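K.L.:
fold the stuff below for me.
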Amino acid sequence: MSDVFEVLRQDHDQVKAMLARLETGPNVRTGASQAQLEERKALTEQVIIEESRHEAAEEQYFWPAVRAHGAEGEKVAAEAIGQEQDAKQVLAELDTLEPTVERFETLLTKFIDDAREHITFEETQAWPVLRVRISAEEAAQLGEKLAKAKDSAPTRPHPHTPPSEGVLKAAGPVVAAADKARDAVTGRGKD
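P.N.:
Numbering: from 1, shown residues only. Have a look, this model is predicted:
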């Protein structure tokens with residue numbers, strides 16, 4: 001069983017790999033073909049799906065665990081959640097745009113930079129707060145909760161939903177079901 005840090009590291013590595021592909025891949029500015037732009041849109045949708053699931057799981061379990069460890073944990077969690085809320089706004093708009101629109105590339109570039117900064121912040125600021133305060137068994141249990149939460153998490157950003165553990169645990173499965181139904185109808189995330 002993977003502990004919380006391994007679960008999060010796997011997510012981070014997966015997203016960083018997708019971001020690298022988006023950053024170096026052909027785009028409308030570099031004269032990408034229609035097929036390349038469709039692939040770019042599909043990869044962007046996959047990033048949005050993975051980020052939405054990841055952040056929802058963190059808000060339910062990881063950030064409350066960090067917050068439980070005093071003023072330092074509160075401060076780190078608040079800053080990270082603020083970064084995530086900003087990212088949800090960007091991702092929600094990005095999800096509505098086509099890669100032929102200039103704003104798509106502007107938002108994608110912003111998200112790539114901000115996502116890398118957030119991952120670094122989380123790994124260097126939040127993980128140490130939690131790592132020194134929980135046992136290996138607690139870390140494994142938290143990792144299991146995160147992995148399970150991702151399975152039933154929303155696949156779209158919901159920037160107007162409060163990043164509250166209780167709200168997400170109550171409303172998250174319903175919102176996730178609606179997101180997944182919408183994805184099935186539109187074919188989003190199938191590539």
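K.L.:
which pLDDT value belongs to the residue most central in space within the chain?
P.N.:
Centroid-nearest residue in the chain: residue 51, 2.1 Å away (criterion: CA atoms, centre = their mean). Here, the pLDDT recorded for residue 51 equals 95.
K.L.:
how close does it get to residue 79?
P.N.:
For residue 51, the distance to residue 79 (CB to CB, to the nearest Å) stands at 18 Å. C-betas here are computed from N, CA, C, even on glycine.
K.L.:
all helices for the chain, in order.
P.N.:
4-24, 34-57, 63-67, 70-94, 102-121, 127-131, 136-151, 165-186 (DSSP state H).
K.L.:
between those helices, which one is nearest to residue 159?
P.N.:
Residue 159 lies closest, by CB to CB, to one member of the helices of the chain: helix 70-94, at 3.9 Å.
K.L.:
next, the angle helix 34-57 makes with that closest one.
P.N.:
Helix 70-94 and helix 34-57 are oriented at 150 degrees to each other (axes from the mean of the first three to the mean of the last three CA atoms, to 10 degrees).
K.L.:
now do helix 70-94: which elements does it pack against?
P.N.:
helix 34-57, helix 63-67, helix 102-121, helix 127-131 (3 or more CB pairs under 8 Å, 6 or more residues apart in numbering; DSSP states H and E).
K.L.:
looking at the ones you listed, which is buried most?
P.N.:
Highest mean neighbour count among the helices and strands packed on helix 70-94 (mean count of other CB atoms under 10 Å): helix 63-67, with a mean of 22.
K.L.:
tell me the mean pLDDT over that one?
P.N.:
Average pLDDT, helix 63-67: 95.
K.L.:
just the C-alpha atoms of that helix, please, in CSV.
P.N.:
Presented in CSV, the C-alpha positions along helix 63-67 are these (Å, rounded to 0.1, in the frame of the first residue of the first chain):
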residue,chain,number,x,y,z
TRP,A,63,-5.2,19.6,3.7
PRO,A,64,-7.3,18.8,6.8
ALA,A,65,-4.4,16.5,7.9
VAL,A,66,-1.9,19.3,7.4
ARG,A,67,-4.1,21.8,9.1
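K.L.:
still on that earlier bit, now the helices and strands packed on helix 70-94 in JSON lines, with distance to residue 20?
P.N.:
Conversion of the helices and strands packed on helix 70-94 to JSON lines gives the following (distance: least, CB to CB, whole Å):
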{"stretch": "helix 34-57", "distance to residue 20": "11"}
{"stretch": "helix 63-67", "distance to residue 20": "26"}
{"stretch": "helix 102-121", "distance to residue 20": "9"}
{"stretch": "helix 127-131", "distance to residue 20": "22"}
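K.L.:
rewinding a little: now the helices of the chain in JSON lines, with distance to residue 159?
P.N.:
Formatted as JSON lines, the helices of the chain follow (distance: least, CB to CB, whole Å):
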{"stretch": "helix 4-24", "distance to residue 159": "18"}
{"stretch": "helix 34-57", "distance to residue 159": "10"}
{"stretch": "helix 63-67", "distance to residue 159": "16"}
{"stretch": "helix 70-94", "distance to residue 159": "4"}
{"stretch": "helix 102-121", "distance to residue 159": "13"}
{"stretch": "helix 127-131", "distance to residue 159": "25"}
{"stretch": "helix 136-151", "distance to residue 159": "19"}
{"stretch": "helix 165-186", "distance to residue 159": "12"}
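K.L.:
cool, thanks, signing off.
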